[in-house]
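Student: Give me coordinates for this.
(one chain, ligands or ions: 3)
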Amino acid sequence: MKIKVTTGDITRIKAGAIIVNFFEGTKAPEGDTATADQALDGAISQLVRQKEIKGKLNEITLIHSLGKLPADRVIVTGLGKKTELTLDKIRGAMAETCRYLRPKGVESIATIAQWTGITGITAGSSAQAITEGALLGLYSFRKHITKKDEGEIKQLTIADTDTARFHTLKQGCQTGRIVAEATILARDMVNEPSNYMTPTNIAEIASTLAHTYGLKLTILERAQMQTLGMGALLGVARGSDQPPKFIVLSYKGRRAQATDMTLIGKGITFDSGGISLKPSGGMDEMKGDMAGGAAVMAALSAITQLKLKTNVTTIIAATENMPNGTALKPGDILTSMSGKTIEIISTDAEGRLTLADALEYARKQGTKYIVDVATLTGAVRVALGDICTGVFSNNKELENKILAAGTEAGELLWPMPMYEEYKELNKSEVADIQNTGGRWGGAITAAQFLAEFAGDTPWVHLDIAGTFTSSKAHDHIVKGATGIPVRTLINLVRSLVK
Ligand code: BES
Ligand code: MN
Ligand code: ZN
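Tutor: Ligands and ions are numbered 1, 2, ... in the order given. Okay, here's the model as predicted:
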């Protein structure tokens, strides 16, 4: 989609549809909505009087202009109460409006971005929210569908009468595009089935990013993992015919050598459960068990393009979890890179094994902060549904920073308890630790397992098993992969630079 900013009156724009807004509780159209109303001989104010237009959030009203305006249609989108307007609502309303217009054959749209004077909403941030809403809301994964897509909105224009705002609006659009395209990269990787998204394919995407943006890339093969003693990761990889890849992609945005942030993403390209085989119903969903890895790589691509002045490394320990003849078995004991031994209770608790070695590698390399992102437990989905990502941490300061970054992104996060008492549940009688903590509090015992390997490095773990996909489209989210928490990670890194 082409996105541009123009100075001038939106009602002068020739497009398939122009989008104006109406706030709940207001009596008559104001600003650009009033201008459109006049051009339409009072059609909008009449619909307001007749209560068809109430201004409720995401209420969409279509008026055909029948030659009264250069645009074919005027859309009045409700934004709720003016005093309660947020960037999330702007992003969501834009997405809903775009999805409403696409099947009508509309190819070009125009909108305004004038909601200044409301806290937190500037010209730049509203242009960014509009761009994100349009690009993310219209996303679809049709790569493997041979029939051509019907309907595409090819052009979006943001019109503003104030020339002084032109530059900021343009910048907002540019940031929005970078952030949305990163989110889309993550969505594409997650939606891609495991016969296309193998560890080797992830390594190839990392290599493309490295070439495009001049990033440093290290890919460790099985033999190097052996040399480094990554017994936990290798234990998982043993059951698959696909070679594992330990992918380290680094961006240097400031002169010093030190790594400021290491983002680790779970990279299981298919989780069959291994010998502790999963039930077949819904197993296809496990093609997305690399959503954490996709998210950290995608976030890094945006961080790079935004030229943030910080050094960020991403690590993805990519492998399948499969049950072949050499596969890991319940009862086996593995020695992780940290030296800690792990008793395998379930081969389906594989994510924490791969992350244990990634955490140790990150610590050995040296890093100020670690954030890991993983589709780690069904238990977090039971606890928080598909609404919130679970947040687990050993450091309150970093935890609060990421909570704020999530709020800013409109990606809901919820802090989970990390009391010492939960650690007990991971105790093994034959090894240093075991890889499951029993039936109850499974998301927390999984996080406590990771905490053992994070050590004293300030660390946050995001369990996205509930939020990495959505069963329905709403706001900027579509059905399938959500791209969560790419935008939270970008905001977090940005907030740490400030
Ligand atoms: N990848 C799964 C977790 C998951 C479940 C992700 C649903 C997305 C949606 C993970 O590897 C897993 O199998 N976890 C087990 C852990 C258990 C064996 C302790 C689980 O949650 O059942
Ligand atoms: Mn599993
Ligand atoms: Zn898994």
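
Student: mind checking how far the residue nearest to Pro458 when sequence neighbours are not counted is from Met418?
Tutor: Excluding the flanking residues, the one nearest Pro458 by C-beta to C-beta, 6 or more residues apart in numbering is Asn395, at 3.8 Å. Every residue, glycine included, has its C-beta placed from N, CA and C. Going from Asn395 to Met418 by C-beta to C-beta, to the nearest Å gives 10 Å.

Student: burial count for the residue in the stretch 101-250 of the chain that ligand 1 sits nearest to?
Tutor: In the stretch 101-250 of the chain, the residue that lies nearest ligand 1 is Val236 (9.8 Å; C-beta to the nearest ligand atom). Using other C-beta atoms under 10 Å, Val236 is surrounded by 29 other residues.

Student: Does ligand 3 have contacts with the helix or strand harbouring it?
Tutor: Applying DSSP states H and E as the criterion places Val236 in helix 231-237. No - contact between helix 231-237 and ligand 3 is absent, the nearest approach being 9.3 Å (criterion: C-beta under 5 Å from the ion).

Student: Would you mind pulling up the elements that that helix packs against?
Tutor: For helix 231-237, the elements it packs on are helix 222-228, strand 311-321, strand 333-335, helix 351-365, judged by 3 or more C-beta pairs under 8 Å, 6 or more residues apart in numbering; DSSP states H and E.

Student: Ala302 and ligand 1, how far apart?
Tutor: The gap separating Ala302 from ligand 1 is 24 Å, by C-beta to the nearest ligand atom, to the nearest Å.

Student: In a helix, that residue, correct?
Tutor: Yes - under DSSP: H, G, I helix; E, B strand; the rest coil, Ala302 falls within a helix.

Student: contacting residues around it?
Tutor: Taking C-beta atoms under 8 Å, 6 or more residues apart in numbering, we find Ala302 in contact with 178-179, 181-182, 486, 490.

Student: Provide a list of residues in contact with the closest residue to ligand 3 within the stretch 101-250 of the chain.
Tutor: In the stretch 101-250 of the chain, no residue comes nearer to ligand 3 than Val236, which is 9.3 Å away by C-beta to the ion. By C-beta under 8 Å, 6+ apart, Val236 lies in contact with 244, 268, 274, 319, 321, 328, 347, 350, 353-354.

Student: What's the local residue count around the closest residue to it other than its chain neighbours?
Tutor: In this structure, Val236 finds its nearest non-sequential neighbour in Glu350, 4.5 Å apart by C-beta to C-beta, 6+ apart. Per other C-beta under 10 Å, the neighbour tally for Glu350 reads 30.

Student: Same check on Arg165?
Tutor: Here the number of neighbours of Arg165 (other C-beta under 10 Å) works out to 22.

Student: same check, this time on Pro70
Tutor: Other residues near Pro70 come to 14 when the count uses other C-beta under 10 Å.

Student: picking that back up, against ligand 3, how distant is the residue nearest to Val236?
Tutor: Separation of Glu350 from ligand 3 (C-beta to the ion, to the nearest Å): 6 Å.

Student: Need phi/psi at that residue.
Tutor: phi -90, psi -30 (degrees, to the nearest 10).

Student: thinking it is in contact with Gly274, fair?
Tutor: Yes - at 6.3 Å, Glu350 counts as touching Gly274 under the criterion of C-beta atoms under 8 Å.

Student: Mind naming the longest helix for the protein?
Tutor: When the chain is parsed with DSSP state H, its longest helix is helix 166-191.

Student: in the next helix or strand after that helix, what's buried?
Tutor: Downstream of helix 166-191, the first helix or strand assigned by DSSP H and E is helix 199-213. Buried residues in helix 199-213, counting neighbours by 16 or more other C-beta atoms under 10 Å, are found at 199, 201-203, 205-206, 209-210.
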